[in-house]
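*Asks:* Take this sequence and fold it.
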Amino acid sequence: MELVGLLNTALGALIALGASTLVERRRWLQESQQRARDDRRAVYLGFLEATAAASETLVSIARGHDADDTASARAGTVLRDSSVLSRRLELSLIGDDAIVEEAGRMVVLLRAYRDVVVQGLTFDTEEVQRTRAAVHQQRDRLTRLMRETL
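*Replies:* Numbers count the residues shown, from 1 in each chain. Next up is the predicted model:
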């Protein structure tokens with residue numbers, strides 16, 4: 001009888017250990033997935049904020065609000081100064097291929113926008129409006145895609 005009691009106790013301990021291990025593994029997986037989502041969200045937000053800052057700087061220069069002697073130079077370095085390029089590299093480490101591709105398109109459009117503003121065209125010209133609209137459409141497209149991955 002003592003052997004049966006000992007076996008029952010050992011079997012109960014094994015079942016409890018197995019159940020505890022499964023619960024801990026499930027909790028670890030959930031926490032890991034949540035951390036990955038939080039990391040993606042932070043990187044996505046950083047990239048979108050950088051693109052918004054670049055766009056706002058270009059709008060301000062094109063409207064003549066920043067019409068000092070260095071405005072053209074600031075427009076020329078806006079992607080670097082607003083961290084768009086470094087944020088895109090960060091995004092390439094954490095984002096899936098579709099996100100990285102769309103972010104690349106965003107950078108191309110921002111460069112086109114920058115080039116138009118560096119030429120000295122004002123905000124109300126058709127070319128500035130067209131490139132600005134393309135940047136905003138791409139940002140909306142990228143934002144939708146990013147939402148789908150969170």
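
*Asks:* Show me what the helix or strand harbouring Arg26 packs onto, helices and strands only.
*Replies:* Using DSSP states H and E, Arg26 sits within helix 2-62. In terms of contacts (3 or more Cβ pairs under 8 Å, 6 or more residues apart in numbering; DSSP states H and E), helix 2-62 is packed against helix 71-76, helix 78-81, helix 84-94, helix 97-118, helix 126-148. No exception for glycine: its C-beta is placed from N, CA and C like everyone else's.

*Asks:* what bits of the protein have low per-residue confidence?
*Replies:* For the chain, the stretches with pLDDT under 70 are 1, 66-68.

*Asks:* let's go with 90 and repeat that
*Replies:* Counting by pLDDT under 90, the ranges of the chain that qualify are 1-25, 27-34, 36, 60-77, 79-81, 95, 118-124, 149-150.

*Asks:* Name the nearest residue to the most centrally placed residue in it, sequence neighbours excluded.
*Replies:* In the chain, the residue lying closest to the centroid (Cα atoms, centre = their mean) is Tyr44, at 1.5 Å. Distances taken as Cβ to Cβ, 6 or more residues apart in numbering place Met146 nearest to Tyr44, at 4.5 Å, with adjacent residues excluded.

*Asks:* Could you do Glu102 as well?
*Replies:* For Glu102, ignoring the flanking residues on the chain, the nearest one in space by Cβ to Cβ, 6+ apart is Leu142 at 4.7 Å.
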